[in-house]
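Trainee: Build me a structure from this.
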Amino acid sequence: MIVCKKPCTLYDADLLGGAGLLVLALAAWFVVLAPWQRMWHDYRRLVAARSAAESQLRDQVQDVERFEQGLAQLEEVVASEAAKAPRVDALSRLLQGVTDAALSSQLELLSVSPQPTVASGAYLVSDVRLGGRGSSRDFVRFLDRLARENPHQSLEACSITRSPQSADARCDLTWSLRLYLLPAEAPPAKGAGG
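Mentor: Residues are numbered from 1 along each chain as shown. Below is the predicted model of the structure:
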């Protein structure tokens with residue numbers, strides 16, 4: 001049957017064939033081309049995400065390397081300072097240094113009373129009560145020398161008294177020093193090492 005004669009002759013079979021071709025083209029689009037296009041867009045998105053993640057990972061690796069170098073430097077500084085810090089087994093040497101400093105500052109030591117060592121956090125403290133006689137200037141010189149020689153101590157209390165009737169310029173001095181100590185180093189374990 002002829003559907004149209006002008007400008008060209010169309011038969012009903014031609015319309016059915018065209019509709020079939022249109023249905024096949026639409027099916028090809030939805031079944032093949034559209035999924036492929038979605039897959040291509042997903043692939044491009046994943047490639048962009050992967051390159052961003054790799055860039056971020058490189059930056060993080062550089063940060064970790066920089067932090068590890070800083071940590072190694074800090075560990076060296078801490079080890080160096082820990083090696084300089086007095087240990088509890090050096091308490092007698094520290095007390096000898098205190099008495100030597102007092103004598104060289106023209107202070108007359110009358111008493112030295114170390115108190116028991118007590119744990120305070122990661123370190124140990126030992127208070128030392130001292131009594132003596134001397135001028136206040138000599139006492140200040142003594143404290144200055146102690147601060148320069150051993151920064152691991154602090155002056156906890158001090159008292160300077162002088163009788164108003166005394167003609168002597170020397171004062172009665174009492175003070176308490178707090179020594180900050182590290183625990184004694186443990187001997188290396190037997191069998192440790194190569």
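
Trainee: Please count neighbours and contacts with C-alpha atoms only from this point.
Mentor: Will do.

Trainee: ok, which stretches of this structure are helices?
Mentor: With DSSP state H as the criterion, the chain has helices at 12-28, 34-84, 91-104, 136-149.

Trainee: chain center to the first one: distance?
Mentor: Using CA atoms, centre = their mean, to the nearest Å, the mean C-alpha position of helix 12-28 is found 74 Å from that of the whole chain.

Trainee: okay, which residue is most central for the chain?
Mentor: Leu71 (7.5 Å; CA atoms, centre = their mean).

Trainee: how near is that one to Ala48?
Mentor: Look at Leu71 and Ala48: by CA to CA, to the nearest Å, they are 34 Å apart.

Trainee: sorry, back to before: any chance of CSV for the helices of the chain, columns distance to Leu155 and mean pLDDT?
Mentor: Listed next are those as CSV, based on distance: least, CA to CA, whole Å; pLDDT from 0 to 100:
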stretch, distance to Leu155, mean pLDDT
helix 12-28, 91, 78
helix 34-84, 20, 90
helix 91-104, 12, 85
helix 136-149, 8, 86
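
Trainee: and the protein, what are its domains?
Mentor: The chain resolves into domains spanning 1-84, 88-181 when parsed by automatic domain parsing.

Trainee: which of the ones you listed is buried the deepest?
Mentor: Burial of those is given as mean neighbour count (mean count of other CA atoms under 10 Å); domain 88-181 ranks first at a mean of 16.

Trainee: Quick one: end-to-end length of that one, please.
Mentor: Using CA to CA, one end of domain 88-181 lies 6 Å from the other.
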